[in-house]
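*Asks:* Next come a sequence and a model predicted from it.
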Amino acid sequence: MNNPACALTIAGTDPSGGAGIQADLKTFQELQVYGMSVITSVVAQNTTGVKSVHHLPLDMLSQQLEAVSSDMPVHAFKTGMIADIGMMEIIRDWIKEIHVPYVMDPVMIATSGDALINENARDFLREHLVPLAALVTPNISEAEDMVGERIRSHEDMKNAARKIVHTLGAGAALVKGGHMEGQAVDYLYDGEFMYTYTSERIETKNIHGTGCTYSAAITAFLSRGMELPEAVEKSKTFVTAAIRHSFSLGQGNGPTNHWGIRKEESIYDFHDHS
Ligand SMILES: Nc1ncnc2c1ncn2[C@@H]1O[C@H](COP(=O)(O)OP(=O)(O)OP(=O)(O)O)[C@@H](O)[C@H]1O
Ligand SMILES: Cc1ncc(COP(=O)(O)O)c(N)n1
């Protein structure tokens, strides 16, 4: 018997390999979790931005979800880019049948500034998907959009996390401070306690895919049965290493290094000169 933890990502693609489905699968693999993926939209993008988007037919989305869950175990799953209400309805109905931890990365705008979700779908996401999530992981602007208030301080970040749980109905909220000044501080609120995760700020423009990588790592640890606060702590270490060892590839915001953690933790010391 060799049954691994199994994690699923439902998201859009990034052929340049730094964000979306590709980042999620690389992260699952790195954390020794069996990775599976359901594609919502095929996105022609790279480190400089989004060129065009093709949304898969709704029927194809349903069939992918059915193909995975009728045959494979899913111990935790995440969603990333879900562009429109039609897709959200299908995913919502699927989630209602599957009772394992759900991590929502409320992807709205890429690092490049390109919109990845239809304007009219934001309300649906907030009203129908957020209440189903064990964890929602907004960055500052996504948290502002969710709670309808500006976030200027760390106190504002914590208040937004509380609102996402108590008013919008998420199980927990992780408000990420990558876009604030100073240290990179994130706040997790689980309805009872407020946890703080802090790392040094790394001076780099190579941050394409950090949000995807972070939420995928949390999903991977949850699929292994870890408690949320520890899953976030380990994922913060993972994403910080991915940023610290990120790549100056491409002409825009380069990708993070999904094996960066191997350079910092002796258990990943494979002596392969990479
Ligand atoms: N320059 C940095 N140095 C260290 N940590 C960072 C840096 N930028 C972001 N982070 C951390 O990376 C994680 C992702 O946070 P961020 O706020 O950037 O999310 P995001 O905006 O969703 O990501 P993305 O850039 O993929 O859209 C958080 O833990 C954040 O604190
Ligand atoms: C398919 C997809 N999903 C998510 C992101 C966000 O990642 P980032 O903000 O780092 O560009 C992206 N660029 N593409």
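*Replies:* Received it, and whenever you're ready, just let me know what you need. Ligands and ions are numbered 1, 2, ... in the order given.

*Asks:* List, one by one, the residues from the protein near ligand 2.
*Replies:* Residues of the chain lying near ligand 2 by CB under 6 Å from any ligand atom: 11-14, 19-20, 43, 45, 80-81, 107, 110-111, 116, 208-212. For the C-beta atoms, the positions are set from N, CA and C on the backbone; glycine is no exception.

*Asks:* Among those, which ones are in strands?
*Replies:* Among the residues of the chain next to ligand 2, the ones falling in strands (DSSP state E) are Ala11, Val43, Gln45.

*Asks:* who's in contact with the last one?
*Replies:* Gln45 makes contact with Asp14, Pro15, Ser16, Ala19, Lys51, Ala110, Ser112, Asp114, according to CB atoms under 8 Å, 6 or more residues apart in numbering.

*Asks:* Please tell me how far Glu144 sits from ligand 1.
*Replies:* 12 Å (CB to the nearest ligand atom, to the nearest Å).

*Asks:* so that residue, which of the three states?
*Replies:* Here Glu144 takes the helix state, with states given by DSSP: H, G, I helix; E, B strand; the rest coil.

*Asks:* Skip the chain neighbours and tell me the closest residue to Gly80.
*Replies:* Ala11 (3.1 Å; CB to CB, 6 or more residues apart in numbering).

*Asks:* Pick out whichever of the ones in strands among the residues of the chain next to ligand 2 sits closest to ligand 2.
*Replies:* Taking CB to the nearest ligand atom as the measure, ligand 2 sits nearest to Val43 out of those, at 4.8 Å.

*Asks:* For the residue nearest to Gly80, give the beta-bridge partners.
*Replies:* Ile39 (DSSP bridges).

*Asks:* Secondary structure element holding Asn159?
*Replies:* Element membership for Asn159 (DSSP states H and E) is helix 154-166.

*Asks:* helices or strands up against whichever helix or strand comes after that helix?
*Replies:* Per DSSP H and E, the first helix or strand lying C-terminal to helix 154-166 is strand 173-176. Contact here means 3 or more CB pairs under 8 Å, 6 or more residues apart in numbering; DSSP states H and E; on that basis strand 173-176 packs against strand 135-136, helix 140-147, helix 154-166, strand 184-189, helix 210-223.

*Asks:* I'd like to know which of these is closest to Ile261.
*Replies:* Nearest to Ile261 among these is helix 210-223 (9.3 Å), distances taken as CB to CB.

*Asks:* mean confidence for the following helix or strand past that closest one?
*Replies:* Moving toward the C-terminus from helix 210-223, the next helix or strand (DSSP H and E) is helix 228-244. Helix 228-244 shows an average pLDDT of 97 in the prediction.

*Asks:* Thanks again, I'm all set now.
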